[in-house]
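Novice: With the input below, show me the fold.
(chains A and B)
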Amino acid sequence: MKPPTDRGSLVLGAYVYAVLTFIIVPLVIVIPMSFSQSDYLAFPPTGFTLKWYAEYFDSRQWRAATWLSVQVALLTAVCASLIGTAATYAMVRGRSRFVALFQILLIGPIIVPHIALAVGLYLFFQTIGLSGTVPGFVLAHTVLTLPFVVFTMAAALGKVDANLEAAAMSCGATRFQAFRFVTLPLVLPSLASGALFAFIISFDEPVVSFFLSGIRQKTLPRRMFEDIEQNLTPVIPAIATLLIVLSIAILLGGHALRSRSKTQSSAG
Amino acid sequence: MGNEIFVKAASTTPATAGASIRISRLEKRFGPVFAVDGVDLDIAAGEFIALLGPSGSGKTTILMSVAGFEFPTSGTIQVDSEDLTYVPSNRRNLGMVFQNYTLFPHMSILDNVAFPLKMRGLPKAERHARAEAALATVRLGGYGNRRPNELSGGQQQRVALARAIVYQPRVLLMDEPLSALDKNLREDMQLEIKRLHAELGITVIFVTHDQSEALTMADRIAVLKDGKIKQIGPARELYERPANLFTASFIGEMNFVDVTVESVGDVVSVGLPWGETWQLPATAAVDGVKAGEAAVMAVRPERLRLGAGAAGQIVNVTLSDIVYAGSAMLLIGRLPDGTEMRARIPGESQLSSLAPGDVASFTVPAAAILLYQGKR
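Specialist: Predicted coordinates:
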């Protein structure tokens, strides 16, 4: 016997598949285009070549932009994780009256339009000479990525019983040792996942980077926009393909870490 | 360098040495509220003290002040005449067991128990050997490789106990350590903790809201209310002769009858609400009752005897409920003036004929009656 067909669930199913298709189609188009032999962007692609990948890896400009983006993203991930974890710890464990205000300030960058932030940072960094520098990018991206670290860490730290730290301190641990030996190992998977988020958000952040990039110091997204304006060769889909692969790898990695943290916290 | 002193103190202190604790004029204010309001408490070395009181009575705050997790507003805490009032918790060298086990979930049982030794800088081999020994003390030898979530609640609490005693602290603090366990386990653990206390000679401060736990386990019990100690003494004293109305009503079951004191002398004569006058021995007056003033007469339900006997006062009770309660029958009824009176009578034979609505006579032995100033 079959259950009766539910029209509502059919419609919902169709809708979900439509959304998924809509999301996946660009990927399906971009990936074959990166192997096309024609010198301009064309669909359907003609022939098969790896020369656009070769051009990307051979070009000093592309390599410089990628290296800058990697540097910025790595440093951003480190800064955002450190600051985000410390700030979240203060919010979760602290008894300050200013916790709510503090929280709004930390999460603000998600609400404030990036363009507004970018313009502000541009004017400010111009005057103090941070524009187009690695520290400048890292500062800006740390602000942008902090909310994501704060969200993941608030969930993780909230699950760690404060009495565990008290127990550690009654065992002779200093407050820092209690954090280091008890709390940190328990939230480490979430911390790593927050850092991965920060990395990937920084790595393909276009708006702020657009404003802060100088003539020589350009992040990969900024460089890609320039190339789209000037050349529009299949190097762009080639890079896009590489970024898709990287993103999927990071997402899967983050997912694995989160599910590990889930089994651990349910064990605790 | 601090660590070396720490370790030395921990390893050379013989296992049978508890510390004496002196809490003087302890006060803890949260805003306008006094959580602890002028508590003085002297605890002898090796003594087992229970802090008993309803929630909000300040018992946990006192314990947390001794543990170093709360700093008092004023007053001092001395352990072996060393002032620890404002010393951070990790430098106090006191063992602590929390209500919800608080084992570190990412560490093995052995690493959990060895953690205090790790913090004291002991080499791995030694701390593992001592952790094994501590686990054996709580009868969990061979459990070292397991994870906390593989153990039952009672076993986890025993691991927490092992972790608290592994560095041979002078004092063991316990914050409602058994309230998360079910009844049978709780009774096992009560005996386990008593045994450990006897074996180690450690001073124990045990916070509980469970009076039977306090009465069973402690050498002395401090009864707390609104941040003040209402009475402190051994279980028998607290139960047999509570020093005030609060303790009398808080510890065990108690019947209260409002009376008027008519005269005080070799005997105290009191007027009962239904018109009788009883002559009571002068020892019945716990606090100084005065002639002409109101007083409360208190009697434990299990001290009442069914039937009119010779040695004592007789009361007639109109029964409303007869409840079978296992080891005894609980008879609930009203005195002639309407005041409720409960009696616990062991054995069933004489009771089978009683039914709700009957008037039963009870004998109240004179020695069972206590008198307090005031009204109930």
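Novice: Only alpha carbons, please: show stretch B:195-204 as CSV.
Specialist: Output of stretch B:195-204 as CSV, limited to C-alpha atoms (Å, rounded to 0.1, in the frame of the first residue of the first chain):
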residue,chain,number,x,y,z
ARG,B,195,33.8,6.1,55.4
LEU,B,196,36.2,8.3,53.5
HIS,B,197,35.9,11.0,56.2
ALA,B,198,36.7,8.5,58.9
GLU,B,199,39.6,7.0,56.8
LEU,B,200,41.2,10.3,55.8
GLY,B,201,40.5,12.4,58.9
ILE,B,202,39.8,15.3,56.6
THR,B,203,37.6,18.3,57.7
VAL,B,204,34.4,18.3,55.7
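Novice: list the buried ones in stretch B:231-242?
Specialist: B:231, B:232, B:233, B:235, B:238, B:239, B:242 (16 or more other CB atoms under 10 Å in any protein chain shown). Glycine gets a C-beta too; all of them are placed from N, C-alpha and C.
Novice: residues near residue A:188, how many?
Specialist: Residues contacting residue A:188 under the criterion other CB atoms under 10 Å in any protein chain shown number 16.
Novice: hey, where'd the helices end up in the chain?
Specialist: I'll assume chain A. For chain A, the helices defined by DSSP state H occupy A:7-33, A:51-58, A:60-93, A:99-111, A:114-128, A:134-159, A:162-170, A:175-178, A:184-203, A:207-212, A:220-230, A:235-267.
Novice: oops, chain B please
Specialist: All helices of chain B, identified by DSSP H, fall at B:2-12, B:59-67, B:109-119, B:124-137, B:153-165, B:183-200, B:211-217, B:235-240, B:245-250.
Novice: Quick check: bridge partners of the residue in the stretch 201-350 of chain B that chain A sits nearest to?
Specialist: Residue of the stretch 201-350 of chain B nearest chain A, by CB to the nearest CB: residue B:205 (12.9 Å). Counting by DSSP bridges, residue B:205 is bridged to residue B:49, residue B:173.
Novice: quick one: pLDDT of it?
Specialist: As predicted, residue B:205 sits at a pLDDT of 95.
Novice: Please give me every residue in contact with it.
Specialist: B:21, B:43, B:49, B:51, B:63, B:66, B:171, B:172, B:173, B:174 (CB atoms under 8 Å, 6 or more residues apart in numbering or on different chains).
Novice: just checking, residue A:141 touches residue A:203?
Specialist: No. If you go by CB atoms under 8 Å, residue A:141 and residue A:203 don't touch, sitting 9.0 Å apart.
Novice: Near chain A, which residues of the stretch 1-150 of chain B? Just list them.
Specialist: When proximity is defined by CB under 8 Å from any CB of the partner chain, the stretch 1-150 of chain B lies next to chain A at B:6, B:67-69, B:88-96, B:98-100, B:102, B:104-106, B:115-116, B:118-120, B:147-149.
Novice: ok, now with 6 Å
Specialist: Contact residues (CB under 6 Å from any CB of the partner chain) of the stretch 1-150 of chain B with chain A: B:69, B:89-90, B:96, B:98, B:102, B:104-106, B:115-116, B:119-120, B:149.
Novice: From those, which land in strands?
Specialist: When the residues of the stretch 1-150 of chain B next to chain A are checked against strands (DSSP state E), the matches are residue B:96.
Novice: Is it possible to mark the buried ones in the residues of the stretch 1-150 of chain B next to chain A?
Specialist: Looks like those have B:69, B:89-90, B:96, B:98, B:102, B:104-106, B:115-116, B:119-120 buried, using 16+ other CB under 10 Å.
Novice: Include pLDDT and distance to residue B:266 when you put those into JSON lines, please.
Specialist: Output for those, formatted as JSON lines (pLDDT from 0 to 100; distance: CB to CB, whole Å):
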{"residue": "B:69", "pLDDT": "92", "distance to residue B:266": "53"}
{"residue": "B:89", "pLDDT": "90", "distance to residue B:266": "55"}
{"residue": "B:90", "pLDDT": "90", "distance to residue B:266": "60"}
{"residue": "B:96", "pLDDT": "94", "distance to residue B:266": "52"}
{"residue": "B:98", "pLDDT": "92", "distance to residue B:266": "53"}
{"residue": "B:102", "pLDDT": "92", "distance to residue B:266": "58"}
{"residue": "B:104", "pLDDT": "95", "distance to residue B:266": "65"}
{"residue": "B:105", "pLDDT": "94", "distance to residue B:266": "67"}
{"residue": "B:106", "pLDDT": "93", "distance to residue B:266": "71"}
{"residue": "B:115", "pLDDT": "96", "distance to residue B:266": "64"}
{"residue": "B:116", "pLDDT": "95", "distance to residue B:266": "60"}
{"residue": "B:119", "pLDDT": "94", "distance to residue B:266": "64"}
{"residue": "B:120", "pLDDT": "93", "distance to residue B:266": "64"}
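Novice: Just the closest of the buried residues of stretch B:231-242 to residue B:307, please.
Specialist: residue B:239 (25.1 Å; CB to CB).
Novice: contacting residues for the closest one?
Specialist: When contacts are counted by CB atoms under 6 Å, 6 or more residues apart in numbering or on different chains, residue B:239 touches B:251, B:252.
Novice: try it again with 10 Å
Specialist: Residue B:239 sits next to B:211, B:215, B:221, B:233, B:247, B:248, B:251, B:252, B:300 when contact means CB atoms under 10 Å, 6 or more residues apart in numbering or on different chains.
Novice: go on, residue A:228?
Specialist: Under the criterion of CB under 10 Å, 6+ apart, the contact list for residue A:228 reads A:41, A:235, A:236.
Novice: how close does it get to residue A:76?
Specialist: Separation of residue A:228 from residue A:76 (CB to CB, to the nearest Å) stands at 24 Å.
Novice: Point out where the chain drops to low pLDDT.
Specialist: Looking at chain A here, since you left the chain open. Residue ranges of chain A with pLDDT under 70: A:1-3, A:261-268.
Novice: that's the wrong chain, I wanted chain B
Specialist: In chain B, residues with pLDDT under 70: B:1-16, B:310, B:348-352.
Novice: closest point of it to chain A, which residue?
Specialist: Chain B approaches chain A most closely through residue B:105 (3.0 Å), counting by CB to the nearest CB.
Novice: Surely that residue and residue A:186 touch.
Specialist: Yes. Assessed by CB atoms under 10 Å, residue B:105 is found in contact with residue A:186 at 6.9 Å.
Novice: Tell me the residues of the stretch 151-300 of chain B that contact chain A?
Specialist: Taking CB under 10 Å from any CB of the partner chain as the contact definition, the stretch 151-300 of chain B meets chain A at B:160, B:163, B:164, B:166, B:167, B:169, B:173, B:175.
Novice: Tell me, how many residues neighbour the closest residue to chain B within the stretch 1-150 of chain A?
Specialist: Of the residues in the stretch 1-150 of chain A, the one nearest chain B is residue A:95, at a distance of 11.0 Å by CB to the nearest CB. Neighbour count for residue A:95, taken as other CB under 10 Å: 5.
Novice: Same check on residue A:140?
Specialist: The number of residues packed around residue A:140, counting by other CB under 10 Å, is 30.
Novice: Now do the same contact list for it.
Specialist: Applying CB under 10 Å, 6+ apart, we find residue A:140 in contact with A:72, A:76, A:109, A:114, A:117-118, A:120-122, A:124-125, A:130-131, A:202, A:205, A:207-209, A:211-212.
Novice: Could you find the closest non-adjacent residue to the residue nearest the centre of chain B?
Specialist: Note on chain B: the residue nearest the mean C-alpha position is residue B:214, at 2.9 Å, using CA atoms, centre = their mean. Leaving out its chain neighbours, the residue that sits closest to residue B:214 by CB to CB, 6 or more residues apart in numbering or on different chains is residue B:50, at 3.8 Å.
Novice: doesn't residue B:194 make contact with that neighbour?
Specialist: No. Assessed by CB under 10 Å, residue B:50 is found out of contact with residue B:194, at 11.7 Å.
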